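*Asks:* Sequence first, then the predicted structure, then my questions.
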Amino acid sequence: MRFYETEPVHDLTYSDVFLVPSRSAVSSRLDVSLAPGDGTAATIPIVSANMNSVTGPRLAATLARRGGLGVLPQDMHVQELDAAIRWVKDQPVGYDAALDLGPGDSVATALAQLPPTAGHGIVVHDDGEFLGVIPAERLATAMPGARLGDLLGHPLTSIDADELTGPRSAFDLMIAAGIEFAPVMHEGKVVGTISLKGALRSTLYEPAIDKDGRLLVAAAIGINGDVAGKSKAFVEAGVDVIVIDTAHGHQDGMVSAIETVSALGLGVPIVAGNVVTADAVRHLVHAGATIVKVGVGPGAMCTTRMMTAVGRPQFSAVLETADAARDLGAHVWADGGVRYPRDVALALAAGAASVMIGSWFAGTIEAPGILAMDADGRAYKESWGMASTKAVQERFGGLDAYELARKTLFAEGISTSRIYLDPLRPSLEDLLDMITAGLRSSFSYAGATTIDEFHNRALVGIQSAAGYEEGKALPVSW
């Protein structure tokens with residue numbers, strides 16, 4: 001990457017910079033590979049943050065199905081985390097996991113998990129017997145107290161799993177049948193669901209899978225407690241990447257934790273962070289980290305900079321740390337500060353192998369938590385910072401009242417925030433479509449077909465706040 005015309009005189013955020021178009025021989029955006037090449041098997045450079053309100057097993061499986069990597073948070077109990085890892089590993093690759101409810105469940109119960117959106121639906125079972133499927137749009141016209149069993153009508157056309165012989169086969173089958181959503185059956189049992197748009201996506205995305213053909217999943221651990229025992233247990237459960245996470249990654253406790261996990265020889269990439277300097281990268285990589293997580297303070301739920309003055313503008317942090325990691329044969333993930341697809345592109349231009357996304361993904365169908373409605377009928381989910389009072393109380397709920405009160409006294413970050421579902425892009429996959437479409441265009445503007453080429457060819461300019469505002473589309477007429 002090089003700067004256009006002028007070198008920076010201070011640290012830069014994503015909003016401070018822009019990409020200058022270069023001469024390009026890329027004739028199609030589909031000629032672009034988005035594989036990060038960071039030692040994981042991901043095929044797109046998107047990682048979901050290990051936040052309680054962002055990554056659960058459902059989101060992790062959906063993200064891996066489209067090539068990314070979900071990081072299950074360290075605040076989950078060990079048994080719960082083990083079960084989540086195994087659940088993701090058991091999910092289908094070529095179609096979606098079914099959202100399964102019973103005939104006695106209410107419409108309100110269904111709407112707490114799924115908005116009335118085309119391309120989604122609910123599978124209804126009663127004591128293991130398949131009763132039918134309810135398209136999600138049907139929920140919009142039903143009373144909240146109505147039983148799902150009463151909404152079942154004529155059975156939808158199903159697709160046999162054995163007929164799914166390739167990425168395009170499902171799309172062709174659904175077009176021929178004139179359907180947009182269907183259950184996938186195998187030997188008379190529902191093994192998943194598929195939508196027309198999902199079938200189309202299967203022709204565009206390459207899933208992130210392990211050597212056994214199962215979906216990828218990562219899990220986070222802290223630097224305290226039985227670091228070795230947790231790491232071994234999670235790898236035995238099937239985890240593909242270990243993320244060692246703490247707010248201040250450049251500390252002796254982190255170095256010790258990395259050395260402990262590295263010495264186990266588990267055969268999986270070790271991610272560690274968070275840091276913002278080249279010196280920190282060198283310490284963590286020498287300890288055994290293969291990927292370093294970069295970002296202190298840029299996240300939407302984070303108050304670290306306002307509370308402590310600690311942190312660094314994210315673009316400059318990624319630029320410096322990525323250069324240091326590259327010299328050591330390691331990689332960085334840019335963690336935080338992403339608001340638009342442009343920010344993802346700029347993080348990759350600065351040298352990141354992948355970009356971690358938190359709150360942006362919290363407002364999706366697949367994110368943990370229940371769907372709620374505000375007074376205007378807008379759907380939202382709650383999100384919160386991982387050092388906030390809410391997160392601290394969840395993490396240390398087993399302590400006695402005195403110790404919990406002491407820890408809560410030092411909490412920081414936003415404890416609750418409404419993240420609204422975009423009515424045009426309510427699912428994680430909708431956001432991935434938007435982000436990856438933007439990335440493919442960014443690469444073609446730079447004349448690059450890989451992430452490495454993009455970093456080498458990226459021409460970055462520095463802009464004023466007015467320049468940034470000029471680039472925003474107007475949602476209404478002036």
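*Replies:* Right, received. Where do you want to start?

*Asks:* hey, let's count contacts and neighbours off CA atoms from now on
*Replies:* Will do.

*Asks:* Okay, now the unreliable bits of this protein?
*Replies:* Where the chain drops to pLDDT under 70, the residues are 154-155, 384-398, 404, 407-408, 410-415.

*Asks:* mind giving me the domain ranges of it?
*Replies:* Recorded structural domains for the chain (assignment: automatic domain parsing) are 2-93+207-366+423-470, 100-202.

*Asks:* ranking these by burial, who's on top?
*Replies:* domain 2-93+207-366+423-470 (a mean of 21; mean count of other CA atoms under 10 Å).

*Asks:* now the strands for the stretch 101-250 of the chain?
*Replies:* Counting by DSSP state E, counting those that start in this stretch, one finds strands in the stretch 101-250 of the chain at the ranges 121-126, 129-135, 159-160, 181-186, 189-195, 218-221, 241-245.

*Asks:* thinking again about what came up before, dump the domains of the chain to a markdown table, plus distance to D376.
*Replies:* Converted to a markdown table, the domains of the chain look like this (distance: least, CA to CA, whole Å):
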| stretch | distance to D376 |
| --- | --- |
| domain 2-93+207-366+423-470 | 13 |
| domain 100-202 | 15 |
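
*Asks:* Using TSV, please lay out the strands of the stretch 101-250 of the chain together with distance to D212.
*Replies:* Output for these, formatted as TSV (distance: least, CA to CA, whole Å):
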stretch	distance to D212
strand 121-126	28
strand 129-135	29
strand 159-160	23
strand 181-186	20
strand 189-195	19
strand 218-221	16
strand 241-245	15
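
*Asks:* I'd like to know which of those strands lies nearest to R305.
*Replies:* strand 241-245 (18.5 Å; CA to CA).

*Asks:* who does the closest one touch, helix- and strand-wise?
*Replies:* strand 218-221, helix 252-263, strand 270-275 (3 or more CA pairs under 8 Å, 6 or more residues apart in numbering; DSSP states H and E).

*Asks:* Now these in JSON lines, please, with extra columns for distance to A199.
*Replies:* Formatted as JSON lines, the helices and strands packed on strand 241-245 follow (distance: least, CA to CA, whole Å):
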{"stretch": "strand 218-221", "distance to A199": "25"}
{"stretch": "helix 252-263", "distance to A199": "39"}
{"stretch": "strand 270-275", "distance to A199": "33"}
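
*Asks:* Which of the ones you listed sits closest to P426?
*Replies:* strand 218-221 (23.9 Å).

*Asks:* Now do the closest one: everything it contacts.
*Replies:* Here strand 218-221 makes contact (CA atoms under 8 Å, 6 or more residues apart in numbering) with 50, 69-74, 81, 85, 227, 230-231, 234, 239-245.

*Asks:* what does stretch 198-213 give?
*Replies:* Among residues not part of stretch 198-213, those counted as contacts by CA under 8 Å, 6+ apart are 41-43, 64-69, 93-95, 167-168, 170-171, 215-216, 240.

*Asks:* Put the alpha carbons of whatever helix or strand V332 lives in into CSV.
*Replies:* Using DSSP states H and E, V332 sits within strand 331-335. Taking C-alpha atoms only, strand 331-335 is exported to CSV below (Å, rounded to 0.1, in the frame of the first residue of the first chain):
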residue,chain,number,x,y,z
HIS,A,331,-1.0,-12.1,10.0
VAL,A,332,-3.3,-9.6,11.6
TRP,A,333,-7.1,-9.4,12.0
ALA,A,334,-8.5,-5.9,12.1
ASP,A,335,-10.9,-5.9,15.0
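
*Asks:* Now tell me what touches that strand from outside.
*Replies:* 38, 49, 290-295, 299, 314, 318, 321-322, 325, 347, 351-357.

*Asks:* and these, which of them are in helices?
*Replies:* Among these, DSSP state H puts Q314, V318, T321, A322, A325, A347 in helices.

*Asks:* and which of those is nearest to P21?
*Replies:* A347 (16.5 Å).

*Asks:* Surely the closest one and S316 touch.
*Replies:* No: at 9.5 Å, A347 and S316 do not qualify as touching, with contact defined as CA atoms under 8 Å.

*Asks:* A64 contacts L216, doesn't it?
*Replies:* Yes: with contact defined as CA under 8 Å, A64 counts as touching L216 (5.8 Å).

*Asks:* between the two, what contacts are shared?
*Replies:* Joint contacts of A64 and L216 (CA under 8 Å, 6+ apart) are A42, G70, A208, I209.

*Asks:* Dump these to JSON lines, plus distance to K381.
*Replies:* Shown next, in JSON lines, are the shared contacts of A64 and L216 (distance: CA to CA, whole Å):
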{"residue": "A42", "distance to K381": "27"}
{"residue": "G70", "distance to K381": "19"}
{"residue": "A208", "distance to K381": "27"}
{"residue": "I209", "distance to K381": "29"}
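
*Asks:* Report the two of these separated the most.
*Replies:* Among those, G70 and I209 lie farthest apart (CA to CA), at 12.2 Å.

*Asks:* shared neighbours of the two, anything?
*Replies:* With CA under 8 Å, 6+ apart, G70 and I209 have common neighbours A64, L216.

*Asks:* follow-up on the earlier one: of the shared contacts of A64 and L216, which is the nearest to R440?
*Replies:* For the shared contacts of A64 and L216, the nearest to R440 is A42 (16.3 Å; CA to CA).

*Asks:* where does the closest residue to F3 other than its chain neighbours fall, phi/psi-wise?
*Replies:* Leaving aside its sequence neighbours, F3 sits nearest to V460 (CA to CA, 6 or more residues apart in numbering; 4.7 Å). Main-chain torsions, V460, degrees, to the nearest 10: phi -120, psi 130.

*Asks:* which residues does V460 contact?
*Replies:* M1, R2, F3, Y4, V17, F18, L19, V20.

*Asks:* rerun at 7 Å
*Replies:* R2, F3, Y4, V17, F18, L19, V20 (CA atoms under 7 Å, 6 or more residues apart in numbering).

*Asks:* for F443, same thing?
*Replies:* T449, F454.

*Asks:* Look at it and give its secondary structure.
*Replies:* helix (DSSP: H, G, I helix; E, B strand; the rest coil).

*Asks:* For it, give its distance to W333.
*Replies:* Distance of F443 to W333, given as CA to CA, to the nearest Å: 19 Å.

*Asks:* go on, A379?
*Replies:* Taking CA to CA, one finds A379 at 31 Å from W333.

*Asks:* related to what we said a few turns ago, could you point out which of the helices and strands packed on strand 241-245 sits nearest D430?
*Replies:* That would be strand 218-221 among the helices and strands packed on strand 241-245, by CA to CA, at 22.0 Å.

*Asks:* partners of that closest one, with directions?
*Replies:* strand 69-72 (parallel), strand 241-245 (parallel) (DSSP bridges).

*Asks:* CA atoms only: put it into PDB for me.
*Replies:* Extracted C-alpha coordinates of strand 218-221, given in PDB (Å, rounded to 0.1, in the frame of the first residue of the first chain):
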ATOM      1  CA  ALA A 218     -13.300 -20.800  16.300                       C
ATOM      2  CA  ALA A 219     -13.500 -20.300  20.100                       C
ATOM      3  CA  ALA A 220     -12.100 -17.700  22.400                       C
ATOM      4  CA  ILE A 221     -10.400 -18.200  25.800                       C
END
